[in-house]
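Participant: Sequence first, predicted coordinates after that:
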Amino acid sequence: MNKILIKNAKIVNEGVVFEGDVLIENEIIVEIAESISAKSSDCKIIDAEGNFLIPGAIDDQVHFREPGLTHKGDIESESRAAVAGGITTYIEQPNTVPNAVTQEILEQKYVLASQKSFANYSFMMGATNDNLEEVLKTNPKNVAGIKIFLGSSTGNMLVDNEATLEKIFSSTSMLIAVHCEDETTIRNNTAQYKELYGEDIPVTAHHLIRSEEACYISSSKAVALAKKTGARLHIFHLSTAKEMELFTNKIPLEEKKITAEVCIHHLWFTNDDYATKGNLIKWNPAVKTAHDRKVLWEALLDDRIDVIATDHAPHTLEEKQKSYLDAPSGGPLVQHAVVAMFEAHHQGKISVEKIVEKMCHNPAKIFKIHKRGFIKVGYYADLVIVNAGLPWSVKKENILAKCGWSPFEGFTFKSRITHTFVNGQLVYNAFKVKDIRAGKRLEFER
């Protein structure tokens, strides 16, 4: 039997921080107490030395690029980066090649992950203008949800047929996650900037092309459609102040039919950073203004926004170094997301309890994930030890994403992940990922 005793931790769970010990047997947390003694000599003891013990983060939106785009990243490389960053569970998106828009292709991704993934996994089923029959076959007990691109991004999965959209929204009780940007607005804005600059549009125009208006038109339509049909809607990567009026904090999360996510990059960067970071911070939706960032933080802290995620979407440096119009959108973030939020904690912006709520508890609640996201007896031992006073700098040689770069390169974080456990197995320790693919397919309580 695999037994691990974590001692002297500052355990963070459900809004409380308390000193204590946690005992793991095999995959499961079996005891949490102020002090636990090892009952047998085969129990491995880890002294957390007053560091934070948090549930493993659950990233509800990643693009790990397998199959079909594995020169950018793959399940093995990106899940390795995730566990090094304290993310023990991820939900991956369908815009791989081929797109995961049939049950057969979707299941092939699960087979790949069962052989390769260091972290727990689920894959979303993709919707198109003409695959409703396939979408409705999706099993709610072992698939995270349905993904709809209401704005085109990497891959050709734009759903722009209004009748199809309404049919999807009214036909399934599963969570529908959406990327909201209005394609017509973006095309018109791009044409205007081409008139000004020709093919040499500067990246500093990205947030003006993929504008506040483009985001709001699309997300307000999605919210209206969800209200009309009663669909369970989750809006990914919100980026503007204006969109915050679409969401409420007047009801508990468990009762919300419409939930909202913000990503690390929209909380960290602003359009001023395009001048130094260029295409490295070119995302869809775009990083917007300092005012947008400020209001996103306010909405996160007052619970209009429910989840912090990454939208981890690696591209090669060579691809990113192309001209603005040719460079793809997206970047690697799973390795640095948790410590980036701890950095915000050091800056006085957010409590550790709130980080855990938004990165661990709430994704588990929103997706109804079985026995993950909390430090509770009977739950899977997905756990992370964070030393909030152990600075380290992001350098090429310690970046684990396959693409080999990070928008945080050169930055020194004040906090470091020291241990990551996935299903009771210590997969990351002493700044090294062990060759233990401990990830399991997620189950959902639906």
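Facilitator: All right, it came through fine.
Participant: In the stretch 201-350 of the chain, what residue spans correspond to strands?
Facilitator: Using DSSP state E, counting those that start in this stretch, the strands of the stretch 201-350 of the chain run over residues 233-235, 258-263, 307-309.
Participant: Give me the next element, helix or strand, following the helix or strand of the chain with the lowest mean pLDDT.
Facilitator: When the helices and strands of the chain are scored by mean pLDDT, DSSP states H and E, helix 162-171 comes last with a mean of 92. Later in the chain than helix 162-171, the nearest helix or strand by DSSP states H and E is strand 176-179.
Participant: Which strands and helices lie in contact with the least confident helix or strand of the chain?
Facilitator: helix 132-135, strand 146-149, helix 212-229 (3 or more CB pairs under 8 Å, 6 or more residues apart in numbering; DSSP states H and E). (Each C-beta comes from the backbone N, C-alpha and C, glycine too.)
Participant: repeat that for 6 Å
Facilitator: Helix 162-171 sits against helix 212-229, with contacts defined as 3 or more CB pairs under 6 Å, 6 or more residues apart in numbering; DSSP states H and E.
Participant: Name the surrounding residues that touch the least confident helix or strand of the chain.
Facilitator: A127, N129, L132, L136, L225, T229, A231 (CB atoms under 6 Å, 6 or more residues apart in numbering).
Participant: ok, and the most crowded of those residues?
Facilitator: In terms of neighbour count, A127 stands highest of the contacts of helix 162-171 at 25 neighbours, by other CB atoms under 10 Å.
Participant: sorry, back to before: make a markdown table out of the contacts of helix 162-171 and add pLDDT and distance to E195.
Facilitator: Shown next, in a markdown table, are the contacts of helix 162-171 (pLDDT from 0 to 100; distance: CB to CB, whole Å):
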| residue | pLDDT | distance to E195 |
| --- | --- | --- |
| A127 | 95 | 34 |
| N129 | 90 | 31 |
| L132 | 92 | 39 |
| L136 | 95 | 44 |
| L225 | 96 | 34 |
| T229 | 97 | 40 |
| A231 | 98 | 39 |
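Participant: Just give me the closest of those residues to E78.
Facilitator: Closest to E78 out of the contacts of helix 162-171 is A127 (23.6 Å), distances taken as CB to CB.
Participant: what's the angle between the least confident helix or strand of the chain and helix 212-229?
Facilitator: Calculated by axes from the mean of the first three to the mean of the last three CA atoms, to 10 degrees, helix 162-171 forms an angle of 50 degrees with helix 212-229.
Participant: right, and V30 touches I36 too?
Facilitator: No. Applying CB atoms under 6 Å as the test, V30 and I36 come out as separate, 9.7 Å apart.
Participant: what touches both of these two?
Facilitator: Both V30 and I36 are contacted by L23, under the criterion CB under 6 Å, 6+ apart.
Participant: Between these two, tell me which one has more neighbours.
Facilitator: Shown here are V30 and I36; by other CB under 10 Å, I36 has more neighbours (18 against 15).
Participant: Quick check, that one in contact with V22.
Facilitator: No. In this structure, I36 is not within contact of V22 by CB under 6 Å, at 7.7 Å.
Participant: Test my guess that N129 contacts D160.
Facilitator: No. With contact defined as CB under 6 Å, N129 does not reach D160; the gap is 7.1 Å.
Participant: Quick check: which element contains D60?
Facilitator: strand 57-62.
Participant: From the strands of the stretch 201-350 of the chain, pick the one with the highest average neighbour count.
Facilitator: Greatest average neighbour count among those goes to strand 307-309 (a mean of 27), per mean count of other CB atoms under 10 Å.
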